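[1] Pasted the sequence and its predicted model underneath.
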Amino acid sequence: MDQTYRIFGLTLASALPLPSPSVTSVLGEIMPDVTIDYGQTPDALENPRFKGVRFQAGSGEFLLRVDGVARYYVRNGNHITIMPEESAHEDDILIFLMGSVMGALLHQRNILVLHAGAIVVNGKSVIFSGSSGVGKSTLTAGFHRRGYPFLADDLCAVNAANGHPSVISGFPRLKLWADTLKKLDTDTNNLKAVRWGDRLEKYFMPVETVQGEPVPINSVFILQTTNSGSLDITEQKGSEKVNLLVDNTYRMNFLKGLGGKKDHFKQCAALGSKVRIFKTVRPTGGFLLDELMDAVESRLHS
């Protein structure tokens, strides 16, 4: 029997158990915004606008194939069909569902999705964005460890319409490398390991997510690395703010097939006009987590 969840501001009815508390309604059955089920998927899309190594995207359709795991078919922003391979483990199916597949669905629903983590500071959301491996999840986890409420990791859904842009809470999990967990003094023995590429593992760390209404955004920190040994945080102005948001959109190639690039640019422009955006450069040779958090906190209070 499908379980019902509330994630990214959407009601999801899923045949695959999701790492989030299920919800019920005292008024009776909840009509889901999105249905996730097992079934047959197309081998290929009939009229894809864009093809990647693993995916195809067209108007209202998205197909992802992960060898040894599953095919995922996303249509019209309201339905995900999963066709697992015989040897697939449920945890492997889940990790791609929570990442690329959910990102494609949010794109289909015209929701701005940044490749980012997010926390809450004094009632406002703060976003940490950047390329893979730059330390978004590490920084998000570090701030959560300091007591700041958690909103999102990896996929950060932004409501950029109707007033002040805000973050919609996502899956209540952080996805972290073992060395990051060591920095956070967290034992991996009680955490679920997930495959992440050949012979690589990350760990899911459960966290409590802020539920309810989207949280207005205070600022966005774009993480980058440098060969120098110092931290540098510089507030951005004008068109550079929009460019950074476009560059750090989650799976931008998906939009080349799904359409909506014009609306996406408008969303980035709306976000850039409303919030402070900082380019945050850290040394390549050392993460300096506490120093980076201290520097970010000082900017938030400036």
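    Done, it's in. Just so it is clear, the model here is predicted, and its values are computed rather than measured.

[2] Go through the strand ranked longest in the chain and flag the buried ones.
    When the chain is scanned for its longest strand (criterion: DSSP state E), the result is strand 215-226. For strand 215-226, burial by neighbour count (16 or more other CB atoms under 10 Å) applies to 215-223, 225. For every residue, glycine as well, the C-beta is placed using N, CA and C.

[3] Please report phi then psi for residue 65.
    Phi and psi for residue 65, reported as degrees, to the nearest 10, are phi -120, psi 120.

[4] Name the nearest residue to residue 7, ignoring sequence neighbours.
    Leaving aside its sequence neighbours, residue 7 sits nearest to residue 20 (CB to CB, 6 or more residues apart in numbering; 5.5 Å).

[5] Near the one you found, how many other residues are there?
    21 (other CB atoms under 10 Å).

[6] same question, residue 114
    Counted with other CB under 10 Å, residue 114 comes out at 26.

[7] does it really touch residue 129, like I thought?
    Yes. Judged on CB atoms under 8 Å, residue 114 makes contact with residue 129 at a distance of 5.2 Å.

[8] can you list residues touching both of the two?
    156, 220, 248 (CB atoms under 8 Å, 6 or more residues apart in numbering).

[9] Closest one to residue 56 out of those, please.
    residue 248 (23.7 Å; CB to CB).

[10] For the closest one, give its distance to residue 270.
    16 Å (CB to CB, to the nearest Å).

[11] Break down the stretch 101-250 of the chain into its helices, ranges please.
    102-108, 136-145, 178-183, 239-247 (DSSP state H, counting those that start in this stretch).

[12] Does anything pack onto the last one? Which helices or strands?
    Using 3 or more CB pairs under 8 Å, 6 or more residues apart in numbering; DSSP states H and E, the elements in contact with helix 239-247 are strand 215-226, helix 261-274, strand 276-283.

[13] Could you point out the helix or strand that follows it?
    helix 252-258 (DSSP states H and E).

[14] So what's the model's average confidence on that next one?
    Here helix 252-258 scores 93 as its mean pLDDT.

[15] quick one: buried residues of it?
    Using 16+ other CB under 10 Å as the test for burial, helix 252-258 gives 254-255, 257-258.

[16] Number of residues surrounding residue 34?
    Residues within reach of residue 34, counting by other CB under 10 Å, total 22.

[17] do the same with residue 163
    Residues lying near residue 163 (other CB under 10 Å) number 10.

[18] Starting from residue 93, give me the distance back to it.
    Where residue 93 is concerned, residue 163 sits at a distance of 37 Å (CB to CB).

[19] circling back: between the helices and strands packed on helix 239-247, which one is nearest to residue 64?
    Proximity to residue 64, assessed across the helices and strands packed on helix 239-247 by CB to CB, is greatest for helix 261-274 (19.7 Å).

[20] what residues does the closest one touch?
    110, 112, 158, 160-161, 164-165, 217, 220, 241-242, 245-246, 249, 255.

[21] redo that, cut-off 10 Å
    By CB atoms under 10 Å, 6 or more residues apart in numbering, the residues outside helix 261-274 that reach it are 107, 110-114, 127, 158-161, 163-166, 216-217, 220, 236-249, 252, 255, 258, 260, 277.

[22] buried set for that helix?
    Buried residues in helix 261-274, defined by neighbour count with 16+ other CB under 10 Å: 264, 267-272.

[23] Equivalent analysis for stretch 152-165, please.
    Using 16+ other CB under 10 Å as the test for burial, stretch 152-165 gives 152-160, 165.

[24] now it: how far from the chain's centre is it?
    From the chain centre to the centre of stretch 152-165 is a distance of 11 Å (CA atoms, centre = their mean, to the nearest Å).

[25] For that stretch, measure first residue to last.
    The first and last residues of stretch 152-165 sit 15 Å apart, counting by CA to CA, to the nearest Å.

[26] can you check stretch 21-33 too?
    From its first residue to its last, stretch 21-33 covers 17 Å (CA to CA).

[27] Next: stretch 60-71.
    End-to-end distance (CA to CA), stretch 60-71: 17 Å.

[28] cool, stretch 278-290 as well?
    Taking CA to CA, stretch 278-290 runs 18 Å from one end to the other.

[29] now that stretch: mean pLDDT?
    Mean predicted lDDT for stretch 278-290 stands at 85.

[30] One more: stretch 294-302?
    Computed over stretch 294-302, the average pLDDT equals 89.

[31] show me what contacts the residue nearest the centre of the chain?
    Central residue of the chain (CA atoms, centre = their mean): residue 155, 0.6 Å from the mean position. By CB under 10 Å, 6+ apart, residue 155 lies in contact with 8, 98-100, 102-103, 106, 113-118, 170-171, 250-251.

[32] Give me the below-cutoff pLDDT ranges for the stretch 151-300 of the chain.
    Along the stretch 151-300 of the chain, the parts satisfying pLDDT under 70 run over 162, 177-184, 188, 190-201.
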